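*Asks:* A structural model of the following input is requested.
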Amino acid sequence: MISSDNESLDDEIKELLENYKFKKATIYEPCTLKNFKECLIRLNEEFSLLNIDYIFNPHIDVENDTLSPGAIVKLINSVWTLLHHFKNVSDKVEGLEEQNHILENNNKHLNYTIERLNVKLSTEKNESKACVASAQRASDQSNEIYQKLLDSKMKLNQLTKQKETNEKYLQNKIARLQLENNKILDRLRNKSDNFTPCADICDSTLMQLKERERKQRAVIAQLQANNQDLLREVLALKEELILEGLGGVKIK
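*Replies:* This next block holds a predicted model:
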């Protein structure tokens, strides 16, 4: 049916119908009294692309080069539909423009927030790196101090043992000297009881006793001096350990 109608139309109308058939947009041309039929066919095509129900048939809708009232009514209704579509589209465009404006503002605010977050993140990364470096230095220092503390404790233990050994040796030495001194005194008492005292012998014996006592006192004094030096060294080491412990607390 459609093919038989196409054969009775001229070539231009055939081309327009083919364009309509394949949904191709037509080229706009100003409407005149000579080409109004072609323009109506183009409108028919354009309206169909917009899903507007309008059908123009030049053999039925045109009488003596004049549109029939029914064709005019269909054209008016189609134009009203097109206007309604245009208003809806315009409202949607305004709404979209407003939404776009809002989205642009939101996007600017979001970009500003992201930029601030990036700056904050970069700052926190730098602070984190500095913190890690500081913690590493503190760890290295604490390890060094801890090793010194272990060495000092070991040395303190050695000095303490040496002090105890020297004290025992000194006590044994003093006890032995006192024992020898008591024996000599006993011998002198026994001699004075059994024999006639002799001034020369007594004087010589007393001098020997005094010399031996002097030597013993010198030995005791030397041992006591050594013991005092050892005590001072132990106290100094303890003080060094306390100071190193306080320094470790400050670093942490």
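*Asks:* what lies in contact with stretch 52-66?
*Replies:* Residues outside stretch 52-66 that contact it (CB atoms under 8 Å, 6 or more residues apart in numbering): 8-9, 13, 33, 37, 40-41, 43-44, 47-48, 67-68, 70-71, 74-75, 77-78, 81-82, 85. Every C-beta, even on glycine, is put in place using the N, C-alpha and C of the backbone.
*Asks:* can you pull the buried residues of it?
*Replies:* Using 16 or more other CB atoms under 10 Å as the test for burial, stretch 52-66 gives I52, Y54, F56, P58, D61, V62.
*Asks:* go through those and name the one nearest A135.
*Replies:* For the buried residues of stretch 52-66, the minimum distance to A135 (CB to CB) is 75.3 Å, reached by I52.
*Asks:* pLDDT score assigned to the closest one?
*Replies:* Per-residue pLDDT puts I52 at 79.
*Asks:* assign a three-state SS to it, would you?
*Replies:* The three-state assignment at I52 reads coil, by DSSP: H, G, I helix; E, B strand; the rest coil.
*Asks:* do D151 as well
*Replies:* D151 - assigned by three-state DSSP - is helix.
*Asks:* number of nearby residues for it?
*Replies:* Using other CB atoms under 10 Å, D151 has 10 neighbouring residues.
*Asks:* distance of it relative to K238?
*Replies:* Using CB to CB, to the nearest Å, we find D151 at a distance of 14 Å from K238.
*Asks:* same thing with N182?
*Replies:* 39 Å.
*Asks:* and what of K168?
*Replies:* 22 Å.
*Asks:* can you check N105 too?
*Replies:* 72 Å.
*Asks:* same check, this time on P30
*Replies:* Distance from P30 to K238, counting by CB to CB: 112 Å.
*Asks:* the more surrounded of the two?
*Replies:* More neighbours surround K238 than the other of P30 and K238, with 12 against 6 (other CB under 10 Å).
*Asks:* skipping adjacent residues, who's closest to that one in space?
*Replies:* Once flanking residues are discounted, K238 sits nearest to L156: 7.0 Å by CB to CB, 6 or more residues apart in numbering.
*Asks:* just checking, the one you found touches E239?
*Replies:* No: L156 is beyond contact range of E239, at 11.1 Å (criterion: CB atoms under 8 Å).
*Asks:* what's the overlap in contacts for those two?
*Replies:* What both L156 and E239 touch, as defined by CB under 8 Å, 6+ apart, is an empty set.
*Asks:* compare these two (neighbour count), which wins?
*Replies:* L156 (16 against 10).
*Asks:* and the helix or strand harbouring the more buried one, what does it pack onto?
*Replies:* Following DSSP states H and E, one finds L156 within helix 69-194. Where contact means 3 or more CB pairs under 8 Å, 6 or more residues apart in numbering; DSSP states H and E, helix 69-194 is packed against helix 36-49, helix 58-61, helix 199-251.
*Asks:* highest mean neighbour count out of those helices?
*Replies:* Mean neighbour count, computed with mean count of other CB atoms under 10 Å, is highest for helix 36-49 among these, reaching a mean of 19.
*Asks:* just the mean pLDDT for it, thanks.
*Replies:* Helix 36-49 comes out with an average pLDDT of 80.
*Asks:* would you list the phi and psi of L67?
*Replies:* phi -70, psi 140 (degrees, to the nearest 10).
*Asks:* does it touch V73 like I think?
*Replies:* No: L67 lies out of contact with V73 (CB under 8 Å); the separation is 9.8 Å.
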